[in-house]
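**Q** What follows is a protein structure lacking sequence information:
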């Protein structure tokens, strides 16, 4: 019954999009050509973000388009960011910010949160980048567009918007039998247009790595092993449409993604045939209409996410307690927001949002039963207000976000706002010429997921008594960009965060895992992003993160208080040379070298196991032509062929090479 319902939803969505795009208004003078030349200074990337008063990093399309680059790898080295990758192309990958966990970091795709309700994290390995236009990383304070302010910031992935009439084709080949192909077509403009895309990809991921057999201090048994059961296949479908009717702008986004891959287990006893199948269907409709001018508007957003995750383990290699495990989730969101300017010095944005989640879990020793073992629901209601006050006669402004987050979660009948927590942040900002200074004080919350409350499998039990994770944070930052002084750009921030009632999994005497509120933590950090133009066409920049994450629980029994899996220093210097060639055929070329260093970190709470420091050198060459419009890019990852491990100690590939070609018709 689910498949016909899903087809009906997609059919209805296509009809809506067709209606929005059916009648394209004619120009005032058909056939007339007008040349418009606009001159001005390019805005800094962070000034185009949803909320420039927060510690923000914007990753542009230039970086996201690198061949063989996954979403998590694109963010590696970004100030405050820590990525976890378990393998290469299509493998599971997550992101955490400022020493938080992946469950504490919400990820939004086209404005819709995609974190699952099992463990709370978002799988970035299932989100290819070829249709992503930009990524906005809010390292500690999320904007009002986020449905939760969160302990660990937020990541917004923005898909391509309709712009122009074009056809694009692209392909990728690379190491570990990686191959990918995609196409995108667009017509119209950003007011009345549509862009659609289709991508497919696959990789064997059978790379060789150095295996110490779990005995770090016994080199005699070390040797090379080949990654097993790490293959992946991806399918990605996108549609983004915009339609202007009178003064109202409608936008519709639809996305379907599927990834089929092996489910790797421990290195000492790797799985061979276990596999997982993940589906996600996302759709969002937004309507915005002005209220007495362009600076005031009313916006209505409706979104839905349908996801499923199925694991097949016929040989019981993963220890799930069942040979098949299926989890299905549905999330429906509604939001109503205003932007008002009641006074020249005031801007206010009230918003009311509501969401409903449903989680189903099936377990079976053979075929999955029609009646799920678990059905759980969550209802959320969130009134929020953003305000900004500009002090008259100065460049000083005060800004703040206040939200009341209430939620109810149950396996039966839901009550209204069973738990309520006030969250928000407040602080000043000051602009003095090319200098921008900001500060924030905030309080945040992360509710336990339905899987944490009611269980993810027979091996991972739930705990209905879990408390929400709470945190307080403070940060101060400064940005400076001077195009006239060698293009100098600096973005620095310092922060402190305290968190309590953190959710961690503990093994019980009955050999299953259960989440508990066990920890209090304190995190201090410094972040820096700086760069300048050394010579014409040559840009040099560096990104740094220094982190001190400590366990400050009053009942801590271990001598070590450094939190595991968090490197204390991450540095990512980069040099990029770009040169345009003024001929009818040649477009230009670019050369880039980027080095990422991650300090060592503990792999356990006691501090007995150490993941060694990481070194990665990445080289990239790009060549483009004008007629035809073709771009060829070659990228070498881990050029020094150093042994690398992700943040939990899983080995990553050695030297790898990827090549891509794109053309625009």
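**A** Everything's here; your move. Small disclaimer: the values here were computed from a predicted structure and weren't measured.

**Q** ok, residue 573 - contacts?
**A** 540-543, 594-595 (C-beta atoms under 8 Å, 6 or more residues apart in numbering). Quick note: C-beta positions are derived from backbone N, CA and C, even for glycine.

**Q** What strand or helix carries residue 74?
**A** Applying DSSP states H and E as the criterion places residue 74 in helix 71-75.

**Q** what about that helix, distance to the chain center?
**A** Relative to its parent chain, helix 71-75 has a centroid offset of 8 Å by C-alpha atoms, centre = their mean, to the nearest Å.

**Q** Also stretch 363-383?
**A** Put simply, stretch 363-383 sits 25 Å off its chain's centre (C-alpha atoms, centre = their mean).

**Q** can I assume residue 86 is in contact with residue 94?
**A** No - Residue 86 lies out of contact with residue 94 (C-beta atoms under 8 Å); the separation is 9.2 Å.

**Q** Tell me where the model's unsure across the chain.
**A** 1-48, 212-222, 266-269, 294, 365-370, 457-459, 507-512, 583-584, 647-649 (pLDDT under 70).

**Q** that older thread, contacts for the helix holding residue 74, please.
**A** Here helix 71-75 has contacts from 59, 63-64, 66, 81, 83-85, 93-95, 124-125, 127-129, 132, 135, 137, 155, 157, using C-beta under 8 Å, 6+ apart.

**Q** Please repeat the previous calculation with a cut-off of 6 Å.
**A** 63-64, 81, 83, 85, 93, 124, 127, 129 (C-beta atoms under 6 Å, 6 or more residues apart in numbering).

**Q** Could I get the contacting residues of residue 495?
**A** Contacts of residue 495 (C-beta under 6 Å, 6+ apart): 140, 475, 525.

**Q** what about it, which helix or strand?
**A** strand 488-507.

**Q** what pairs with that strand, and is each one parallel or antiparallel?
**A** strand 469-482 (antiparallel), strand 513-535 (antiparallel) (DSSP bridges).

**Q** re the thing from before, could you single out the nearest of the contacts of helix 71-75 to residue 492?
**A** Checking the contacts of helix 71-75 against residue 492 with C-beta to C-beta, the nearest one is residue 81 at 15.7 Å.

**Q** Spit out the contact partners of the closest one.
**A** 75, 97.

**Q** Could you do residue 345 as well?
**A** For residue 345, counting by C-beta under 6 Å, 6+ apart, the contacting residues are 389-390.

**Q** what separates it from residue 388, distance-wise?
**A** Note on residue 345: its distance to residue 388, by C-beta to C-beta, to the nearest Å, is 9 Å.

**Q** Tell me where the stretch 501-650 of the chain has strands.
**A** Remark: strands assigned in the stretch 501-650 of the chain by DSSP state E, counting those that start in this stretch are 513-535, 538-551, 569-580, 586-598, 601-602, 610-611, 614-625, 629-637.

**Q** Could you double-check that residue 227 sits in contact with residue 207?
**A** Yes - at 5.3 Å, residue 227 counts as touching residue 207 under the criterion of C-beta atoms under 6 Å.

**Q** out of these two, which sits in the more crowded spot?
**A** Shown here are residue 227 and residue 207; by other C-beta atoms under 10 Å, residue 227 has more neighbours (26 against 21).

**Q** Look up how far residue 612 lies from that one.
**A** Residue 227 is 19 Å from residue 612, by C-beta to C-beta.

**Q** secondary structure element for residue 358?
**A** With DSSP H and E as the criterion, the answer for residue 358 is strand 346-364.

**Q** Out of the strands of the stretch 501-650 of the chain, indicate the one that is most buried.
**A** Greatest average neighbour count among those goes to strand 601-602 (a mean of 22), per mean count of other C-beta atoms under 10 Å.

**Q** still on that earlier bit, for residue 86 and residue 94, indicate the residue with more neighbours.
**A** Ranked by neighbour count (other C-beta under 10 Å), residue 86 and residue 94 place residue 94 first, with 25 against 17.

**Q** tell me which element that one falls in.
**A** Residue 94 belongs to strand 93-97, assigned by DSSP H and E.

**Q** for that strand, packing partners?
**A** strand 81-85 (3 or more C-beta pairs under 6 Å, 6 or more residues apart in numbering; DSSP states H and E).

**Q** which residues touch residue 133?
**A** 61, 158, 160.

**Q** out of these, which is most surrounded?
**A** Going by other C-beta under 10 Å, residue 160 tops the contacts of residue 133 with 19 neighbours.

**Q** and the angle from the strand holding residue 495 to strand 538-551?
**A** With axes from the mean of the first three to the mean of the last three C-alpha atoms, to 10 degrees applied, the angle from strand 488-507 to strand 538-551 works out at 30 degrees.

**Q** Give me the contact list for stretch 398-416.
**A** Contacts for stretch 398-416 (C-beta under 6 Å, 6+ apart): 53, 144, 376-389, 417-426, 428, 447, 453-454.

**Q** buried sites along it?
**A** 399-403, 405-410, 414 (16 or more other C-beta atoms under 10 Å).

**Q** Can you give the distance of it from its chain's centre?
**A** 23 Å.

**Q** List the buried residues of the host helix or strand of residue 310.
**A** For residue 310, the host element (DSSP H and E) is strand 297-312. Applying a neighbour-count criterion of 16+ other C-beta under 10 Å, one finds 297, 299, 301, 303-312 buried in strand 297-312.

**Q** that older thread, which strands and helices lie in contact with whichever helix or strand comes after the strand holding residue 94?
**A** Following strand 93-97 in sequence order, the next helix or strand is strand 107-109 (DSSP H and E). Applying 3+ C-beta pairs under 6 Å, 6+ apart, we find strand 107-109 packed against strand 154-159.

**Q** what angle do the strand it packs on and strand 93-97 make?
**A** 130 degrees.

**Q** what sits up against strand 154-159?
**A** 95, 106-110, 131-138, 142, 146, 240.

**Q** which residues sit in contact with residue 620?
**A** Contacts of residue 620 (C-beta under 6 Å, 6+ apart): 592, 635.

**Q** now it, which residues is it bridged with?
**A** Bridge pairing for residue 620 - DSSP bridges - gives residue 592, residue 635.

**Q** Run a quick neighbour tally on residue 393.
**A** 6.

**Q** doesn't it fall inside a helix?
**A** No - according to DSSP: H, G, I helix; E, B strand; the rest coil, residue 393 belongs to no helix; its state is coil.

**Q** Return the distance of it relative to residue 435.
**A** From residue 393 over to residue 435 the distance is 18 Å, taken as C-beta to C-beta.
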